[in-house]
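Q: could you look at this predicted model? Sequence included:
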Number of protein chains: 2
Amino acid sequence: MSGYSTAELDGLRDFYRTSLLDDTLPFWLPDSVDREYGGYLLMRDRDGTLLDDDKSVWFQGRFAWMLATLYNTTEPRAEWLEAAKSGVEFLKKHCFDDDGRMFFLVNRQGEPLRKRRYFFSEAFAILAFAATAKATGDEALAQDARDLFRRCMEYVDGERPLEPKFTDTRPTIGIGVPMIFLNVAQQLCDTVGDDHAASRIDGFVGQIRGFVKDDLRCVFEQLSPDGGVVDHFSERTLNPGHAIEGAWFILHEAKRRGGDADLEDLGCRMLDYMWERGWDQEHGGILYFRDPDDKPVMEYWQDMKFWWPQCEAIIATLLAYRMTGREKYAEWHRMIHDYAERTFHDAEHGEWFGYLHRDGRISTAMKGNHYKGPFHLPRMQWYCWQLLEE
Amino acid sequence: MSGYSTAELDGLRDFYRTSLLDDTLPFWLPDSVDREYGGYLLMRDRDGTLLDDDKSVWFQGRFAWMLATLYNTTEPRAEWLEAAKSGVEFLKKHCFDDDGRMFFLVNRQGEPLRKRRYFFSEAFAILAFAATAKATGDEALAQDARDLFRRCMEYVDGERPLEPKFTDTRPTIGIGVPMIFLNVAQQLCDTVGDDHAASRIDGFVGQIRGFVKDDLRCVFEQLSPDGGVVDHFSERTLNPGHAIEGAWFILHEAKRRGGDADLEDLGCRMLDYMWERGWDQEHGGILYFRDPDDKPVMEYWQDMKFWWPQCEAIIATLLAYRMTGREKYAEWHRMIHDYAERTFHDAEHGEWFGYLHRDGRISTAMKGNHYKGPFHLPRMQWYCWQLLEE
């Protein structure tokens, strides 16, 4: 086991930059911007052929955020800003229902197809509005981002009702909401500024901390409201890639504060525990779901390899290495980086495959659908590139 | 290619009977009947260990139906009737919400955990009520079955509103409701009798017929209300095992009528088309999802092998062979029967595995969860046994 040399880190920096700019983004741009109706057409086959012209509201926000963020943090390319604005306009014009909540899926023209019970479309719209407002200086759009964050906090705080998926018989709390809104609050503060978002960050960190069980070396996705383990299929199910994403959100918060030993330790423990549980010793890569006692998991794709847990683990291991200098994180980063590049990257058509079987065989070669699009992969390439520029 | 000899058919009859009575049922009975709270505890690991004590409402109805049906059609074992009554009592006592709709998941004590937007819990409860009423002669329970069927028809006819999952932007119709309620109506008529259910059968058959596209050699799961193909991910997705289940529901209707050349032809075409699309030429078995033009399918488990499509194909091929005498159906039956027995049957602990990878490797070895329990496998063994007794 050994750390990275400066030359190796420079090589990685160049690799992430060129992969992003010359391989990932050209798969999506310029063709995915819908010149007729605005927004993005992202549901694409391996070679970029459009498979379905519906529009995922998550991805309208996610891609707009990514493009505006590249504009803000790397270089001010007009193509990126123009495309980001197209997504933001589409979101504002078509993706809000009369009750203020956002849709989940709309058709090419922006007519609503499906609305879900949770408010993750909103989270990605806030990211898109804030990053684009920073790029353009549009204060009204910045305020839209802050207002939408405030509305989401009303859902979080129970001040604005949401239709529940489950009854009150056996209530649970989830790590998903504090995780995603920690990231949203960080971005909101760091682009257009928001005192309210800033005031919520400690609370989200505290909630995430509750899901980290040191005695079990485990980060749970769901717990009972008093923090206990709920011994049923869905509630037991661990999601290593998701928890590792949470780990780097915590490490990033420590970094935002110019160093915070307690948060650094928390993030590293989350990464350590879930790397142990998620890394596939036989074939490499991060498995999708695990059970805390290795019991059977109900979700059918539990032993598949999806692209996004690999992306999150690449960020988390590199960030942990940069912050702590511990050689094991460099070693883990090498393992996941090499595995992902070897199995997920499509050298022929660019971008990554999304869905592999456990042993690395491709299950389906398409590049975009309701759940995959230009977010986790370009975010990883951008974050690692920027981290290694510092 | 050759048909089955009488001796081979007798051997198959004995095989299905002994597999059901000596292998499948002993996995579940007597331990799965909850002596404390009633109903069934069915979420079990490979060796029968209980993994989760929640109760799927679908499976409370499905197992009660299976047990009462065995009592009615094979031999009147007191153990089966007692267990069926336990399920029916649990359903009546715990599984209906105040609005008359049924829950989807309850805890061991019967307290509601989750309710879904559709009414399939109701379909299986009708089956359970009707079969148990026939076994006991309980006319009030028979009327409960008829009343619940009538209520479901009010949902079907739009007289009683259900919360929609999708907006009205791009309406679709599905094969699922006419398929399941064709089966429910058949069972209701053939156990306790119901003039209203009898009057609906032609309508369901006509609706199913609309999903069979001879020009494309395809049975769709969803279409536009005017019968057109909807060119989007979810609506394109074919489910060969489900369509093959529909094929034998149609063939069974032809058989109930003492022969009906038109329905026999319809059922055989459904089987032919979806066998062509579902049978895995490389590894054997029926694949889970396919696209009509072999484009990528979005559902992650599209190329896995689940137990239930194999069960449905075993019934459909054997029934088609018995009704038509065509050698190809005997050949297909041999292929799917041998494949399923070789890959799905758990010779060590009994019952079948539920979830295999495309190449037959086990993905997870558990025997019961929210979606798998004693229904498709024992129903197949019972139906084939009874068919070969005739």
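A: That came through fine.

Q: any regions of chain A where pLDDT drops low?
A: For chain A, applying pLDDT under 70 flags the ranges A:1.

Q: near chain B, which residues of it are found?
A: Neighbours of chain B within chain A, by Cβ under 8 Å from any Cβ of the partner chain: A:43, A:45, A:51-52, A:54, A:107, A:111-115, A:165-167, A:169-170, A:231-233, A:295-298, A:300-304, A:355, A:357, A:363-366, A:369-371. All C-beta atoms are positioned from the backbone trio N, CA, C, and that covers glycine.

Q: these, buried ones only, as a PyMOL selection?
A: Here is the PyMOL selection string for the buried members of those, based on 16 or more other Cβ atoms under 10 Å in any protein chain shown:
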select buried, chain A and resi 43+45+51+52+54+107+112+113+114+115+167+232+233+295+296+297+298+300+301+302+303+304+355+357+363+364+366+369+370
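
Q: which of the residues of chain A next to chain B fall within helices?
A: Judged by DSSP state H, the residues of chain A next to chain B include A:Phe233 as members of helices.

Q: can you give me the helices for the stretch 151-300 of chain A?
A: In the stretch 151-300 of chain A, the helices defined using DSSP state H, counting those that start in this stretch lie at A:176-191, A:195-210, A:233-236, A:240-256, A:261-278.

Q: which helices and strands does the third one pack with?
A: Yep, that's helix A:233-236 we're talking about. Here helix A:233-236 touches strand A:222-223, going by 3 or more Cβ pairs under 8 Å, 6 or more residues apart in numbering or on different chains; DSSP states H and E.

Q: show me what the strand it packs on pairs with in its sheet, parallel or antiparallel.
A: Applying DSSP bridges to the sheet, strand A:222-223 is found paired with strand A:173-174 (antiparallel).

Q: and the helices of the stretch 151-300 of chain A, which is most packed in?
A: Comparing the helices of the stretch 151-300 of chain A by mean neighbour count (mean count of other Cβ atoms under 10 Å in any protein chain shown), helix A:240-256 ranks first with a mean of 24.

Q: who's the closest spatial neighbour of A:Glu139, skipping the chain neighbours?
A: A:Ala133 (7.2 Å; Cβ to Cβ, 6 or more residues apart in numbering or on different chains).

Q: list the contacts for the one you found?
A: Residues in contact with A:Ala133 (Cβ atoms under 8 Å, 6 or more residues apart in numbering or on different chains) are A:Glu139, A:Leu141, A:Ala142, A:Asp144, A:Ala145, A:Thr191, A:Val192.

Q: that one: helix or strand, and which one exactly?
A: Element membership of A:Ala133, judged by DSSP states H and E, is helix A:120-136.

Q: what number of residues lie near A:Ala145?
A: Under the neighbour criterion other Cβ atoms under 10 Å in any protein chain shown, A:Ala145 is assigned a count of 27.

Q: doesn't A:Leu188 make contact with it?
A: Yes. Taking Cβ atoms under 8 Å as the definition, A:Ala145 is a contact partner of A:Leu188 at 6.1 Å.

Q: shared neighbours of those two, anything?
A: Counting by Cβ under 8 Å, 6+ apart, the shared contacts of A:Ala145 and A:Leu188 are A:Ile126, A:Ala130, A:Asp194.

Q: for burial, what's the neighbour tally of the last one?
A: Right, A:Asp194. A:Asp194 sits with 24 neighbouring residues when counted by other Cβ under 10 Å.
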